[in-house]
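> no FASTA, just this:
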Ligand SMILES: [Zn+2]
């Protein structure tokens, strides 16, 4: 009997669906903060943007608003009902157990999703490849790796999601 017990890889993907996430929405009283160092669900305080113009006094810009995050005190900027800053997407935050090198790729994919869905998809594929390697798979053939992980206990639903993603 082999007494060397390798620790069973943590199936990070399984828990990702359990994280509640409310994407930023125009005029919503609360949502997950779009700033990458916050990302918490927090109240949002809305206001129109008023500037002082030379010789004309105060001017309220039409359709330009800010939402201030109650947690991190950073603002998101909205133009005509669309968030234009920070440059991010409505992608949910990563699982907190994600290894740092994969987290970097995930955050980059999230940041470019709205402007380059194909680029984001390529980065997410890289994330899955690295995650398979992190879980002890070779990382060369993702279908084989995912199939192997399913045999080891990864929920089959995750395999389906991966096939849809491809
Ligand atoms: Zn925040």
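It's in. Please read all numbers here as calculations on a predicted model, not as lab measurements. Residues are numbered from 1 along each chain as shown.

> Show me where the protein has its helices.
12-16, 100-112, 117-134, 142-151, 156-165 (DSSP state H).

> Give me the below-cutoff pLDDT ranges for the chain.
Across the chain, the ranges flagged by pLDDT under 70 are 1-19, 89-90, 156-166.

> Can you tell me how far residue 79 is from residue 48?
12 Å (C-beta to C-beta, to the nearest Å). Any C-beta I mention is one placed from the backbone N, CA and C, and that applies to glycine too.

> tell me, what's touching the two both at once?
Contact with both residue 79 and residue 48 is made by residues residue 64, according to C-beta atoms under 8 Å, 6 or more residues apart in numbering.

> more neighbours, these two?
Remark: of residue 79 and residue 48, residue 79 carries more neighbours, 14 against 11, as counted by other C-beta atoms under 10 Å.

> residue contacts, the more buried one?
Here residue 79 is in contact with 63, 64 (C-beta under 8 Å, 6+ apart).

> same thing but 10 Å
For residue 79, the contact set (C-beta atoms under 10 Å, 6 or more residues apart in numbering) comprises 49, 61, 62, 63, 64, 65, 85.

> Just list whatever residues bridge to it.
Beta-bridge pairing for residue 79 (DSSP bridges): residue 64, residue 82.

> sorry, back to before: just so I know, which of the helices of the chain lies nearest the ion?
Between the ion and the helices of the chain, the shortest gap by C-beta to the ion is with helix 100-112, which sits at 15.0 Å.

> Buried residues of that closest one, list them for me.
102, 103, 105, 106, 107, 108, 109, 110, 111, 112 (16 or more other C-beta atoms under 10 Å).

> For the closest residue to the second one other than its chain neighbours, grab the count of nearby residues.
I take that to be residue 103. Closest residue to residue 103 in three dimensions, ignoring its sequence neighbours and counting by C-beta to C-beta, 6 or more residues apart in numbering: residue 94, at 5.6 Å. Residue 94 has 19 neighbouring residues, counting by other C-beta under 10 Å.
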